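Novice: Please find the sequence and the predicted model below.
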Amino acid sequence: MRYPLLIILALTSLSCTNVHPSIILNGSILAEPGDGICQYEIDDPVLIAYPQYNIDVPRPYEAVFAVDNQRRQLTSDIAVNRGGVEVNFAQVELQDSAGTPLALPAELPNPFRLPTNGFLPSASDPEMPGRAPIRVTVIPDAYRPSLTAGTTIVASITLFGTTVGAVEVESTPYAYRIDLCDGTCLLHCPADTDTLLPSCTPGQDIPAIYPCLCDATGFSSLTDECRRCVLEGCL
């Protein structure tokens, strides 16, 4: 099987960074379509309780995490402790439900790193961490054919960044469980009481609801127009 070119760094070595339990991933935020864009509420986020991924839908699994930074910006007469963090990349290791790394083809490094970006403001006080949404490609599309529907995997996710004071830091690993499915999973035919619902993340987490899905037996059975509706959104 040929795999598309990915900007993925195999972990042949690890740079020296400070592990900061003060940088905390809290879970992925449920996106809601509104005004033509997908919105992510960060102040009072609704987190996805049961992450799911339909491995028949040709797109990567991406998630926007609510990330807290408990580092405070402290100023003295001689120095400023700059607590803000610029997140640069995420490291992901795909594991089975027991925490063992998945056996993947040699072309697919595991763990791997992918660039991401986002700024975590410093905490205003010990009870008020700085919080920001950070998007992570948890499962690149090239990994999708090597996964098995009906199983649960764990993505161990670590964020790496640099403080405003030029100190390299990393978060503690976050274990993110994802149930894998296929066929018509998360592709729903509307019932009489349903509202037609486009998905900000088609094929993952919440269902897309369209009339063209009523006769579907799986993503591959959809017409080109229905596939466009699922992947790009249309009502």
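Specialist: Yep, it's here. Residues are numbered from 1 along each chain as shown.
Novice: Against which helices or strands is the helix or strand containing residue 136 packed?
Specialist: For residue 136, the enclosing helix or strand under DSSP states H and E is strand 130-139. Strand 130-139 sits against strand 61-69, strand 85-96, strand 112-120, strand 152-163, strand 174-181, with contacts defined as 3 or more C-beta pairs under 8 Å, 6 or more residues apart in numbering; DSSP states H and E. C-beta coordinates here come from the backbone N, C-alpha and C atoms, glycine included.
Novice: one more time with 10 Å, if that's ok
Specialist: For strand 130-139, the packing partners by 3 or more C-beta pairs under 10 Å, 6 or more residues apart in numbering; DSSP states H and E come out as strand 23-28, strand 61-69, strand 85-96, strand 112-120, strand 152-163, strand 174-181.
Novice: and that strand, how far from the chain's centre?
Specialist: Distance of strand 130-139 from the chain centroid (C-alpha atoms, centre = their mean, to the nearest Å) equals 6 Å.
Novice: so what strands line up beside it?
Specialist: The pairing partners recorded for strand 130-139 under DSSP bridges are strand 61-69 (antiparallel).
Novice: give me phi/psi at residue 146?
Specialist: The phi/psi pair for residue 146 (degrees, to the nearest 10) reads phi -90, psi 0.
Novice: Let me know how buried residue 162 is, in neighbour terms.
Specialist: Around residue 162 there are 15 other residues, counting by other C-beta atoms under 10 Å.
Novice: for residue 200, same thing?
Specialist: 20.
Novice: Ok, residue 172 next?
Specialist: 13.
Novice: try residue 181
Specialist: Taking other C-beta under 10 Å as the neighbour definition, residue 181 ends up with a count of 19.
Novice: And residue 199, by the same measure?
Specialist: That count, for residue 199 with other C-beta under 10 Å as the rule, works out to 23.
Novice: which residues does the residue nearest the centre of the chain bridge with?
Specialist: Central residue of the chain (C-alpha atoms, centre = their mean): residue 63, 2.3 Å from the mean position. When bridges are called by DSSP bridges, residue 63 pairs up with residue 136.
Novice: Run through the residues that contact it.
Specialist: The neighbours of residue 63, taking C-beta atoms under 10 Å, 6 or more residues apart in numbering as the test, are 25, 27-29, 31, 48, 51, 134-139, 155, 157, 176, 178, 201, 204-205.
Novice: Give me the domain ranges for this structure.
Specialist: For the chain, automatic domain parsing gives the domain ranges 16-181, 187-232.
Novice: Quick check, residue 174 in contact with residue 27.
Specialist: Yes: under the criterion of C-beta atoms under 10 Å, residue 174 makes contact with residue 27 at 8.4 Å.
Novice: Can you pull the residues that touch both of these two?
Specialist: 65, 67.
Novice: need the contact list for residue 174.
Specialist: Residues in contact with residue 174, defined by C-beta under 10 Å, 6+ apart, are 23-27, 65, 67, 90, 136, 155-159.
Novice: do that again at 8 Å, thanks
Specialist: Residue 174 sits next to 25, 65, 156-158 when contact means C-beta atoms under 8 Å, 6 or more residues apart in numbering.
Novice: Compare those and tell me which is most surrounded.
Specialist: residue 65 (28 neighbours).
Novice: got any ranges where this protein has weak pLDDT?
Specialist: For the chain, applying pLDDT under 70 flags the ranges 1-21, 33-36, 73-82, 126, 192-198, 234-235.
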